[in-house]
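Engineer: Attaching a predicted model along with its sequence, questions to come.
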Amino acid sequence: MGGWLPWFASSRTAELGTITSPSAAPLFNEVSLFWYGAHGAGSPLSIDVLGSASSPAALADAAAKLHAAGILVIPTIADGTGAGVMRSIIADPTARAAHEDQIVGLVLSNPNYDGIDLDYEVFAFGDHIGGQAVGADADNWVSFVTELGTKLHANGKRLSITIPYTFETQGANGPVTHGYPFYSQDRLGPSPSVDSIRLMMYDWSVSFAGPISPMWWVDASIAYSSAHVPPAKMQLGIPAYGREWRTQKYPTEFCPAGAAGRTSITMKVASTLVAAHPGAVAARDATYDEMTVTWDDVVTGPAVAVTPPVVPIPTPAVGSVNSPGGVSSLQTAQRLTPPSSIVSCTVHHVAWFPDAASLQNRAQHAMSAGWRGIFIWALGYETPDVLPALGNVGP
């Protein structure tokens with residue numbers, strides 16, 4: 001088992017203590033410090049420590065504590081470049097090699113780093129590469145990963161890649177592939193340059209209320225990956241978070257600005273929803289193997305969001321006594337934005353999220369398929385019953 005420990009987690013110090021405790025450490029094979037990002041507009045890129053509260057010293061301290069507990073440390077680099085940037089980097093053999101050498105240098109800079117994990121999602125969600133015909137882009141990706149893995153292995157280090165899902169359904173004319181075959185599981189899975197492939201099995205529902213990681217989707221993706229990658233290399237990325245969606249219940253009412261929308265919630269927050277909202281109803285959805293909580297409330301506020309203070313009055317600049325004909329330091333008169341009317345409406349809330357049983361079941365499905373285990377996004381989001389539940393999972 002493993003998980004990502006993100007730089008932005010407010011409880012990351014406490015969570016690090018939990019992971020390395022005598023009761024929890026035996027459950028973990030590896031942890032990824034999600035504290036690095038690749039940035040820039042072209043070669044050479046920079047690889048930066050993320051967050052103003054983070055530092056190389058904090059990373060080194062966290063890595064040393066994990067290592068002392070017998071846990072492999074595989075930091076993650078997220079692709080923080082704009083659309084097309086990393087695509088052009090890996091298409092240029094010289095720029096690609098330079099980026100590979102940057103990554104190897106980063107790993108070798110800390111004696112407690114055991115390798116690197118690449119979370120390069122811009123290809124899928126920025127460049128929108130993912131369909132059937134991926135051509136030269138996929139070839140460049142395979143070359144980049146293969147070359148990087150070879151360089152890391154030459155220094156005794158490991159390579160992991162974190163990628164979106166791919167699965168197949170049966171169509172009238174044969175199998176239909178869904179998801180992101182660009183990431184080339186079929187080519188990189190058997191490659192000796194890649195030590196593990198982590199599959200991100202979350203964010204199924206974003207725009208509309210629904211499960212975060214429906215079990216049928218998990219099983220279909222496990223089946224696809226198992227057919228293309230040695231199962232012992234696969235790790236199932238599972239969510240320790242959910243979402244709450246807010247929609248207007250009655251169309252005849254007028255809602256305040258911002259009443260509708262969605263919010264991501266950790267398992268810890270989700271577990272408090274029923275107690276926090278009188279009348280909330282909780283249920284387990286057997287089809288998707290996730291929890292739902294629903295409730296209504298009435299919200300009141302301005303109909304239009306107001307950002308004070310000002311709408312400038314279109315008048316000429318006013319001269320001062322000392323400079324009657326010139327520009328002075330005086331400012332033109334300004335007026336506040338007119339106040340918005342106050343309205344109320346009934347808002348319907350729907351939250352979907354996993355509980356300990358959801359995570360345990362997904363872990364069991366992965367282990368039963370011969371996979372290497374699960375990887376949690378993100379450590380610190382989970383409720384206290386999660387780690388004991390995952391400790392009961394077997395092959």
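Structural biologist: Cool, got the structure. Residues are numbered from 1 along each chain as shown.

Engineer: give the contact list for residue 364.
Structural biologist: Going by C-beta atoms under 8 Å, 6 or more residues apart in numbering, residue 364 touches 393-394. Quick note: C-beta positions are derived from backbone N, CA and C, even for glycine.

Engineer: show me where pLDDT drops low in the stretch 251-395 of the chain?
Structural biologist: Where the stretch 251-395 of the chain drops to pLDDT under 70, the residues are 306-339.

Engineer: quick one, helices of it?
Structural biologist: 267-270, 273-276, 356-368, 386-390 (DSSP state H, counting those that start in this stretch).

Engineer: Of all these, which one comes closest to residue 82?
Structural biologist: Shortest separation from residue 82 across the helices of the stretch 251-395 of the chain is recorded for helix 267-270, at 31.9 Å, computed as C-beta to C-beta.

Engineer: which other residues reach that closest one?
Structural biologist: Counting by C-beta under 8 Å, 6+ apart, 240-242, 291, 293, 351, 353-355, 381-383, 386 sit against helix 267-270.

Engineer: Looking at the residues you listed, which is nearest residue 221?
Structural biologist: For those, the nearest to residue 221 is residue 354 (16.1 Å; C-beta to C-beta).

Engineer: Give me the distance between that closest one and residue 293.
Structural biologist: Noted for residue 354: a distance of 13 Å to residue 293, by C-beta to C-beta, to the nearest Å.

Engineer: quick one: which of those two has more around it?
Structural biologist: residue 354 (28 against 23; other C-beta atoms under 10 Å).

Engineer: and that one, what is it in contact with?
Structural biologist: 212-213, 238-240, 242, 267, 289-291, 362.

Engineer: try residue 179
Structural biologist: Contacts of residue 179 by C-beta under 8 Å, 6+ apart are 130, 164-167, 221.

Engineer: What about the contacts of residue 354, which one has the most neighbours?
Structural biologist: residue 242 (29 neighbours).

Engineer: Of all the residues in the helix or strand hosting it, which ones are buried?
Structural biologist: Assigned by DSSP states H and E, residue 242 falls within strand 241-248. For strand 241-248, the neighbour count (16 or more other C-beta atoms under 10 Å) marks 241-246, 248 as buried.

Engineer: Helix 356-368 and that strand, what's the angle between them?
Structural biologist: 130 degrees (axes from the mean of the first three to the mean of the last three C-alpha atoms, to 10 degrees).

Engineer: Greatest separation within the contacts of residue 179: which pair is it?
Structural biologist: Spanning the widest gap among the contacts of residue 179 are 130 and 221, at 14.0 Å by C-beta to C-beta.

Engineer: So for the two, which sits in the more crowded spot?
Structural biologist: Comparing residue 130 with residue 221 by other C-beta under 10 Å, the one with more neighbours is residue 221, at 23 against 18.

Engineer: who does the host helix or strand of that one touch, helix- and strand-wise?
Structural biologist: Assigned by DSSP H and E, residue 221 falls within helix 215-228. For helix 215-228, the packing partners by 3 or more C-beta pairs under 8 Å, 6 or more residues apart in numbering; DSSP states H and E come out as strand 166-171, helix 185-188, strand 196-200, strand 234-239, helix 356-368.

Engineer: what's the average pLDDT for the fourth one?
Structural biologist: Spelled out, it's strand 234-239. The average pLDDT within strand 234-239 is 98.

Engineer: Partner strands of that strand, with direction?
Structural biologist: Strand pairing for strand 234-239, determined by DSSP bridges: strand 196-200 (parallel), strand 373-377 (parallel).
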